[in-house]
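*Asks:* Here's my sequence, what's the structure:
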Amino acid sequence: MAPPTLATLRLVLRPWRASDRDGLWRMQSNPRTMEFLLPVADRAASDAVADRAEAHFSRHGFGLWVVEAAGVTDFAGYCGLVHVPYAAPFTPAVEIGWRFDPAFWGRGYATEAARAALAFGFDRLGLAEIVAITVPANRRSRALMDRLGMTRDAAGDFDLPTTPEGHPLRRQVLYRLKAGEVSAGK
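*Replies:* Numbering: from 1, shown residues only. Model prediction:
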């Protein structure tokens, strides 16, 4: 079964194409994009991100969609839902995540795409809750989580097991959103 495509007023959230790997590498090799994320070592590691996204769609029928802005770009970034792939006090869980090329920051694309992904998760998948995580210093992502109506669960903050001990990006803040709590505001 082909992965679903989602559409908003300005965006299309669609399955991955081979040509998206160039945009993904361009985005992930930009230090601004990766400021609060572990660096992607090389093109092969970047392609592995796309491979994992495609595999998640194959296994679960949803995942990280490529975000296309009609008439602007075929690859603004990605946004979607994934099963959290590690053990943590809040797992099992489905996480919403996003990553956008800085050339497309400040246009509201992340908010618009995230709302579409949340609606899919709650309305089509019937999820009871969706979580989001980031490092405490990532104000942009935390502001988006707030705009989406997510609630910070300070008691749920944790050390990301996939990040080396002592690394400044290991500590994560946890946000939660339950079905029916989605914010319609900006």
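
*Asks:* Pick out the residue nearest the middle of this structure.
*Replies:* Nearest to the geometric centre of the chain sits Gly97, at 1.6 Å (CA atoms, centre = their mean).

*Asks:* so is that one in a helix, a strand, or just coil?
*Replies:* Under the three-state scheme (DSSP: H, G, I helix; E, B strand; the rest coil), Gly97 adopts strand.

*Asks:* Next, the contact list for it, please.
*Replies:* Under the criterion of CB atoms under 8 Å, 6 or more residues apart in numbering, the contact list for Gly97 reads Leu64, Cys79, Gly80, Leu81, Val82, Ala132. Yep, even glycine has a C-beta here, placed from its N, CA and C like the rest.

*Asks:* Then Pro168?
*Replies:* Residues in contact with Pro168, defined by CB under 8 Å, 6+ apart, are Val135.

*Asks:* and the gap between it and Gly63?
*Replies:* Here Pro168 is placed at a distance of 28 Å from Gly63 (CB to CB, to the nearest Å).

*Asks:* Quick check: Gly149 vs Ile96, distance?
*Replies:* Distance from Gly149 to Ile96, by CB to CB: 12 Å.

*Asks:* typo on my end, it should be Ala116
*Replies:* 11 Å.

*Asks:* rewinding a little: which residue of Gly149 and Ile96 possesses the greater neighbour count?
*Replies:* Higher neighbour count among Gly149 and Ile96: Ile96, with 25 against 16, using other CB atoms under 10 Å.

*Asks:* OK, contacts around the more buried one?
*Replies:* Cys79, Gly80, Leu81, Ala114, Ala117, Leu118, Gly121, Ile130, Val131, Ala132, Leu148.

*Asks:* Mind picking the two most distant members of those residues?
*Replies:* The most widely separated members of these, counting by CB to CB, are Cys79 and Val131 (14.9 Å).

*Asks:* Between these two, which has more neighbouring residues?
*Replies:* Cys79 (27 against 21).

*Asks:* ok, the more buried one touching Ala113?
*Replies:* Yes. Cys79 lies in contact with Ala113 (CB atoms under 8 Å); the separation is 3.9 Å.

*Asks:* Give the residues shared as contacts by the two.
*Replies:* Leu13, Trp65, Val67, Trp98.
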